[in-house]
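Asks: Any chance you could fold what I've pasted below:
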Amino acid sequence: MIGRTVHSMKSTFAVVSVLCICALISSCNHSVDNSERLAKKENNKHFESKSSEKEADFVVETIEGNFANLKFAQMAIDRSGNENVKEVAAMIEKDHESLIRELKGFANMRGIAIPLEENKKARKKLDDLSGTHDKSFDEKWCNEVTNRHEETIEELENMWEKTGDEELKQWINSALPGLRNNLVKLQSCHEKLTM
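Replies: Numbers count the residues shown, from 1 in each chain. The predicted structure follows:
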């Protein structure tokens, strides 16, 4: 009974910590870099083992990546004149909104502090892409988002091999099919654009 109470108190503290760090990040209008840095700093204080810290960092980085993919998708929906690009972008938007919700739930359950936006590197690529137009935009967009999906799939597969966390493995197993499907659609879209 005491063990359950202590575990419950730890879980409550973890949830409160996550909510506080998120509120602090958003209320202080911190830069994107600070969002990531504060989340990782909070997680490093909270988790006792190196493997738990690495898993928390993985969640932070994966959420950032999903925020970036969501923004890339929204950009293509708004800017592309190509119906195939818009269709693929809409599918990516829907999938990554769902992945963000799932990861936020997982992070909340584990007391992992999370960032609220994409990282600085992704923000720069989004800014660079916003300066291109017409077919050039579509080709660059497809190329960038294809590369991002290839990297994400590889990172998820690597974490699946390394982690002993069965719930994290289950989440990775559920996320990979959709990401692989997105990659196939992106590759097909890119081929059509370069014909």
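
Asks: For the chain, which segments count as helices?
Replies: Secondary structure of the chain (DSSP state H): helices located at 2-27, 32-46, 50-79, 83-110, 120-129, 134-162, 166-193.

Asks: can you redo these as JSON lines with mean neighbour count and mean pLDDT?
Replies: Every C-beta, even on glycine, is put in place using the N, C-alpha and C of the backbone. Listed next are the helices of the chain as JSON lines, based on neighbours: other Cβ atoms under 10 Å; pLDDT from 0 to 100:
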{"stretch": "helix 2-27", "mean neighbour count": "13", "mean pLDDT": "42"}
{"stretch": "helix 32-46", "mean neighbour count": "19", "mean pLDDT": "58"}
{"stretch": "helix 50-79", "mean neighbour count": "20", "mean pLDDT": "90"}
{"stretch": "helix 83-110", "mean neighbour count": "18", "mean pLDDT": "95"}
{"stretch": "helix 120-129", "mean neighbour count": "15", "mean pLDDT": "94"}
{"stretch": "helix 134-162", "mean neighbour count": "17", "mean pLDDT": "94"}
{"stretch": "helix 166-193", "mean neighbour count": "16", "mean pLDDT": "95"}
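
Asks: now residue 109: how far from residue 87?
Replies: When distances are taken as Cβ to Cβ, to the nearest Å, residue 109 and residue 87 turn out to be 34 Å apart.

Asks: cool, residue 151 as well?
Replies: Using Cβ to Cβ, we find residue 151 at a distance of 23 Å from residue 87.

Asks: Report the contact partners of the residue nearest to residue 139 when sequence neighbours are not counted.
Replies: On the basis of Cβ to Cβ, 6 or more residues apart in numbering, the spatially nearest residue to residue 139 that is not a chain neighbour turns out to be residue 193, at 5.2 Å. If you count contacts by Cβ atoms under 8 Å, 6 or more residues apart in numbering, residue 193 has them with 82, 85, 135, 138-139, 142.
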